[in-house]
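Q: Here you go, sequence then predicted model.
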Amino acid sequence: MPGTVQSIERAAAVLRLLAAAPNGLGVADLGNALGLAKTTVHGILRTLHQVGFVEQDHTGAHYHLSDAFGRLGESYLDPNELRSRAINWADSLASRSGEVVRVGRLVEGKVVVVHHVFRPDDSDQDLDVGTTLPPHATALGKAVLAFDTSGAARPRKLEAYTTRTITDPARLAEELTAVRARGWASEFEEHTVELASIAAPIRGLGGLVVGAVGLAGRVERICDSRLRHRADLVSMVSATAEAIGRDLREDT
Amino acid sequence: MAEQYVAAVDQGTNSTRCILFDRRGRLVSVAQREHPQLFPRPGWVEHDAEEIWRNVIRVVPAAIRQIGAEPSQVVAIGITNQRETSLLWDRFTGRPIGHAVVWQDTRTDRLVTELAGDEGPDRFADLCGLPLTTYFSAPRIRWMLDHTPGLRQRAARGEILFGTMESWLIWNFTGGTNGGLHATDVTNASRTMLMNIETLEWDDTLLEAFDVPRAILPEIRPSSGVFATATEVLPGVRIGAALGDQQAALFGQTCFSAGEAKCTYGTGSFLLLHTGQEIVRSKHGMLTTVAYQIGNHPASYALEGSMAVTGSLVQWFRDGLGMIHTAAEIETLARTVEDNGGAYIVPAFSGLFAPHWRSEARGVIAGLTGYITKGHLARAVLEATAFQTLEVVDAMNADSGIALTALKVDGGMTANNLLMQFLADLLDVRVVRPMVTETVSLGAAYAAGLAVGYWPDLEGLRSNWHRAGQWLPHMDPRRRETEYANWKSAVQRTFNWIRPEDQEL
């Protein structure tokens, strides 16, 4: 049928067959059932395996649906796995920028901090991994919210933390559109006075946003003399998000 | 002028990496390739050394390409490696004789018992600082020479070369059969049981005791100093350092003075305490080892508490048992329960290392009841690392006479927040991690950079160290005592597992 993607149709057929075969199926079984060459089936299975929908048994001879496939609505990336992929790059960002860095992801309408790197000035700081941040009032939050389709961005009461916090849903929607357009998010005294932050989304397989990485600090260090977020810091944050995403997507 | 970097090549137990660092000691790019762990028999662990060299050939250019740099921007190569893993290769063909026998391998069990004889495992400790166990290279070399027909004669004729992995890499980097340099550094040599810890030279008494021909041994060099200029992979770039991974981590954590300590959490975990230029003999099960030697300055020494199985227990949980898909998921699974449920895992897969040193011990899962779920086992997997650390810290405190007040940590497992918190709780000290968790590679880079003048001195390196994260203790002291007592009880149950009559020759 014109307008559809043939490989996805075939992948869907493979998934249906696997769903009906409790003991799994081999490449030849699938090839015979669908009238496809073994190399074609193999390519489909390898890709389905890479995206986490299909697993092999320990002999490698049979494939079956993965647990993840049965839980499609849930996040595909384990938060601890996200941290382990992000840690070197996030640490490096903190080192190069001289600011606090956090990696977060959206869980039930809140941003959960998955990794936190201290500001590298050896001052007294508390690790806040596992705590939550408001998505509408932080750059980290806006960076994930802008790409969320689950409805966490639906208008509801938006709490004010400072006089600058966005509390109007229409204004928030505009802000998130701007985030999508320029690829990064910012915040200026919207969560804590005298602090500003910059964040960028982390894209996993297929372009799915799995979280965000950002830095935060005093306004006079994060922004230039015209109170705009410093372009060099924006570049660093974007490059970090890109590096983490690349690591995630290259995984085999 | 274009930015210049130092390339660290970290040939580890599980993978080989190339990491580029800039002048401020910041990680700029990473390329990594894993290699398979080969288990031909229970207790045997091997690596394919040719595959490892092929991985080196791939990761070095990949790390440089990652930031769009040119090989000419690399000013030095610093090599660091999994220690004690032993390889023999043919000087004329360049081919290894069989596989590299890994540090966790226990095939020399029986041999080590026999060599200890009546004098016991500390028979050679005065000369080399190490107890007789399956961990170190000399028993392995002896085993390999004994078990391959004709090999001993070839070795005596000078046709065979021995090396730990840094020697293998240096030899291949400098041309292999075409003029390759056969060298090692003092830290790696100090793990063979063939080097005299005071003179820093191969010791005739030890060579004779293990029946190892001098002809196969590499030249011993300082850790930081130009070894040679590479002709392969990065032609024209000087190899400025080689040191064992744990010593590299000590260096990367800028522990340059007596009393400074770090613990690296990876496949195994290793607590090292810098003891200055003094050789401190442990009475509580720690090892005496060389920390590093910079050029022709006197060497620095360290006390080491080696824990063989920590991260590798997580990998076993993933690959051997299939309970988790990725190593990081151990934390997710462990967090599904509140505590260990009474279960304890003592991972004596290669016998017990510090502080007990029992080659005949094997792993145990204790305290099982119908209540235990895989979540509790995941907790026990993580707690095993913390309990082993506590045992080693106690031993180190007893040897040094000073109590630890903070623990500097590094290595892959420091990404696990649950583990780090439990560690702080159990040890009752502040646990601190630095900006660069890859301190093993950083240390190799520092040592190489110093040798070529990229960095002027140690003080400048210290100022690169910054705290990235910290965990503070908050466990009820009574609970700590009970848990520790339970652990120690589980450890007792690993003793005397392999019976002498069952040990292979």
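A: Perfect, thanks for sending it.
Q: Would you mind listing what in chain B touches chain A?
A: B:24, B:26-28, B:30, B:322, B:326-332, B:412, B:415-417, B:435-438, B:466-471 (CB under 8 Å from any CB of the partner chain). The C-beta positions use only the backbone N, C-alpha and C, and glycine is treated the same way.
Q: Tell me the buried residues within those.
A: B:26-28, B:30, B:326-332, B:412, B:415-417, B:435-438, B:466-471 (16 or more other CB atoms under 10 Å in any protein chain shown).
Q: for residue 32, helix, strand, or coil?
A: Using chain A. State at residue A:32, reduced to three classes by DSSP: H, G, I helix; E, B strand; the rest coil: helix.
Q: Can you look at chain B instead?
A: Using three-state DSSP, the secondary structure recorded for residue B:32 is strand.
Q: Of the residues of chain B next to chain A, which belong to strands?
A: In this view, the residues of chain B next to chain A that belong to strands under DSSP state E are B:27, B:28, B:30, B:467, B:468, B:469, B:470, B:471.
Q: from those, which two are the most distant?
A: Greatest spacing in these, by CB to CB: B:28 and B:471 (27.9 Å).
Q: all strands for chain A, in order.
A: Going by DSSP E, chain A shows strands at A:54-56, A:63-65, A:100-107, A:110-117, A:132-133, A:185-188, A:195-203, A:209-218.
Q: Distance of residue B:317 relative to chain A?
A: According to CB to the nearest CB, to the nearest Å, residue B:317 stands 14 Å off from chain A.
Q: Find me the pLDDT at that residue, would you?
A: On pLDDT, residue B:317 comes in at 96.
Q: can you check residue B:406 too?
A: 89.
Q: Contact partners for the most centrally placed residue in chain A?
A: Compute the mean C-alpha point of chain A, and by CA atoms, centre = their mean the closest residue is residue A:210, 1.6 Å away. Counting by CB atoms under 8 Å, 6 or more residues apart in numbering or on different chains, residue A:210 makes contact with A:75, A:76, A:77, A:82, A:105, A:202, A:203, A:204, A:248.
Q: Point out the one among the strands of chain A that comes closest to residue B:129.
A: Using CB to CB, the strands of chain A put strand A:110-117 closest to residue B:129, at 37.8 Å.
Q: Parallel or antiparallel, list what pairs with the closest one.
A: Its sheet considered, strand A:110-117 pairs with strand A:100-107 (antiparallel), strand A:132-133 (antiparallel) by DSSP bridges.
Q: deepest of these, which one?
A: strand A:100-107 (a mean of 25; mean count of other CB atoms under 10 Å in any protein chain shown).
Q: Just the CA atoms from that one would do, formatted as CSV, please.
A: The C-alpha atoms that make up strand A:100-107 are tabulated as CSV, following Å, rounded to 0.1, in the frame of the first residue of the first chain:
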residue,chain,number,x,y,z
VAL,A,100,26.4,22.5,39.0
VAL,A,101,25.2,19.9,36.5
ARG,A,102,22.1,17.7,36.8
VAL,A,103,20.6,15.0,34.6
GLY,A,104,16.9,14.5,35.0
ARG,A,105,13.9,12.7,33.5
LEU,A,106,10.2,13.2,33.6
VAL,A,107,8.3,10.9,35.9
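Q: Mind checking the pLDDT average for that strand?
A: The model assigns strand A:100-107 a mean pLDDT of 96.
Q: Can you verify my assumption that residue A:95 contacts residue B:435?
A: Yes - counting by CB atoms under 8 Å, residue B:435 is a contact partner of residue A:95 at 4.8 Å.
Q: Just name the shakiest helix or strand of chain A by mean pLDDT.
A: When the helices and strands of chain A are scored by mean pLDDT, DSSP states H and E, helix A:67-70 comes last with a mean of 76.
Q: How about residues contacting it?
A: Residues beyond helix A:67-70 that count as contacts (CB under 8 Å, 6+ apart) turn out to be A:15, A:52, A:53, A:54, A:74, A:76.
Q: Format these as TSV; extra columns: distance to residue A:223, neighbour count and pLDDT.
A: Conversion of those to TSV gives the following (distance: CB to CB, whole Å; neighbours: other CB atoms under 10 Å in any protein chain shown; pLDDT from 0 to 100):
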residue	distance to residue A:223	neighbour count	pLDDT
A:15	49	16	91
A:52	40	16	85
A:53	44	21	91
A:54	48	23	92
A:74	38	8	64
A:76	35	16	70
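Q: Quickly find the element holding residue B:301.
A: strand B:300-307 (DSSP states H and E).
Q: which residues of the stretch 251-400 of chain B fall in strands?
A: B:261-265, B:269-274, B:287-292, B:300-307, B:344-346, B:364-366 (DSSP state E, counting those that start in this stretch).
Q: got those as TSV, with distance to residue B:10 columns?
A: Converted to TSV, those look like this (distance: least, CB to CB, whole Å):
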stretch	distance to residue B:10
strand B:261-265	12
strand B:269-274	14
strand B:287-292	16
strand B:300-307	18
strand B:344-346	28
strand B:364-366	32
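Q: Dump these to JSON lines, plus mean pLDDT, distance to residue B:83 and mean neighbour count.
A: Below are the strands of the stretch 251-400 of chain B laid out as JSON lines (pLDDT from 0 to 100; distance: least, CB to CB, whole Å; neighbours: other CB atoms under 10 Å in any protein chain shown):
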{"stretch": "strand B:261-265", "mean pLDDT": "95", "distance to residue B:83": "12", "mean neighbour count": "27"}
{"stretch": "strand B:269-274", "mean pLDDT": "95", "distance to residue B:83": "9", "mean neighbour count": "26"}
{"stretch": "strand B:287-292", "mean pLDDT": "95", "distance to residue B:83": "9", "mean neighbour count": "26"}
{"stretch": "strand B:300-307", "mean pLDDT": "95", "distance to residue B:83": "9", "mean neighbour count": "26"}
{"stretch": "strand B:344-346", "mean pLDDT": "98", "distance to residue B:83": "23", "mean neighbour count": "25"}
{"stretch": "strand B:364-366", "mean pLDDT": "98", "distance to residue B:83": "26", "mean neighbour count": "17"}
